[in-house]
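**Student:** All I have is the shape, not the residue letters:
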């Protein structure tokens, strides 16, 4: 269970966050949530789809593997991609809100919290959170930028996905993936951009998407799907390595 505390440079002066990646840190996941603010970076590395929440709304996900606990970007305690998804990069930190007096007015201001029971913190090694003099370390500055992007992305996602749904651009996709003669998988519950529907949008609809800033994101989502080939190739490589190990 998480144990969040308001981060400060006195109580947490010696806090370190592990730089390693493994199942021990909860990195063995088949997908992670993705946000519009990171689509440009993510589409170079990961296939991005949609999933439907219990309330019927959509959220975007980056596919990391072909099972709930299969992350094909993990190898030798390292993440094999040039861009780390924001929900992973934030580590044990999150943005909370605290009532503060600002310019004589009581406001809910964003503040940084840390989960002291997070496995990356319990490790005791890795990136220092604060500099020796008490200022933010380069690692913490990066985390703050990541969290700001997440905060902005969460707000943008609701508006963007609702508009894509209104235009009927989000449709179910059927993924039947064959790795070799003896291994294949069917992925269900995923949605993607309907290319035919996208091509059929009229000038007014396209202009509205562009003016809102969503059109580029739509094409980034479509472009991201070329990364399925990378995932399949990595899965095939690991299956072959397992078969060779059994035969040895």
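**Tutor:** Cool, the structure landed. Here the structure is a predicted model, which is why all the values come from computation and not from measurement.

**Student:** With adjacent residues omitted, what lies nearest to residue 168?
**Tutor:** residue 197 (5.7 Å; CB to CB, 6 or more residues apart in numbering). All C-beta atoms are positioned from the backbone trio N, CA, C, and that covers glycine.

**Student:** Give me the three-state assignment for the one you found.
**Tutor:** When classified by DSSP: H, G, I helix; E, B strand; the rest coil, residue 197 comes out as helix.

**Student:** Run through the residues that contact it.
**Tutor:** Applying CB atoms under 8 Å, 6 or more residues apart in numbering to residue 197 gives the contacts 167-169, 171.

**Student:** can you rerun that using 10 Å?
**Tutor:** For residue 197, the contact set (CB atoms under 10 Å, 6 or more residues apart in numbering) comprises 164, 167-171.

**Student:** Quick one, which of the residues you listed are buried?
**Tutor:** 164, 167, 169-170 (16 or more other CB atoms under 10 Å).

**Student:** Just these: which are in helices?
**Tutor:** Among the buried ones among the contacts of residue 197, the ones falling in helices (DSSP state H) are residue 164.

**Student:** With respect to residue 222, which of the buried ones among the contacts of residue 197 is nearest?
**Tutor:** Nearest to residue 222, judged by CB to CB, of these is residue 169 at 10.1 Å.

**Student:** Spit out the contact partners of that closest one.
**Tutor:** Counting by CB under 10 Å, 6+ apart, the residues that residue 169 touches are 50, 161, 163, 191-195, 197-198, 201, 205, 209, 214, 218, 221.

**Student:** ok, now with 7 Å
**Tutor:** Residues in contact with residue 169 (CB atoms under 7 Å, 6 or more residues apart in numbering) are 193-194, 197-198, 218.

**Student:** Buried subset of those as a ChimeraX selection?
**Tutor:** This is how ChimeraX selects the buried members of those, with burial counted by 16+ other CB under 10 Å:
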select :193,194,198,218
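
**Student:** now the contacts of residue 197 in CSV, with pLDDT?
**Tutor:** Output for the contacts of residue 197, formatted as CSV (pLDDT from 0 to 100):
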residue, pLDDT
164, 97
167, 96
168, 96
169, 97
170, 97
171, 96
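
**Student:** now for the residues you listed, which pair is the farthest apart?
**Tutor:** 167 and 171 (11.0 Å).

**Student:** Among the contacts of residue 197, which lie within strands?
**Tutor:** Among the contacts of residue 197, the ones falling in strands (DSSP state E) are 170-171.

**Student:** I'd like to know which of the contacts of residue 197 is nearest to residue 36.
**Tutor:** Of the contacts of residue 197, the one sitting nearest to residue 36 (CB to CB) turns out to be residue 164, at 10.6 Å.

**Student:** so what's that closest one closest to, chain neighbours aside?
**Tutor:** Residue 164's closest residue in space is residue 170 (CB to CB, 6+ apart), at 5.2 Å.

**Student:** so that neighbour bridges to which residues?
**Tutor:** residue 193 (DSSP bridges).

**Student:** from now on call the first residue 57
**Tutor:** All set: I'll call the first residue 57, so the last point we hit is now residue 226.

**Student:** so it makes contact with residue 247?
**Tutor:** Yes. Assessed by CB atoms under 7 Å, residue 226 is found in contact with residue 247 at 5.1 Å.

**Student:** what is in contact with these two at once?
**Tutor:** Common neighbours of residue 226 and residue 247 (CB under 7 Å, 6+ apart) are 106, 114.

**Student:** how about residue 292, what does it touch?
**Tutor:** Here residue 292 is in contact with 235-236 (CB under 7 Å, 6+ apart).

**Student:** what separates it from residue 95, distance-wise?
**Tutor:** 27 Å (CB to CB, to the nearest Å).
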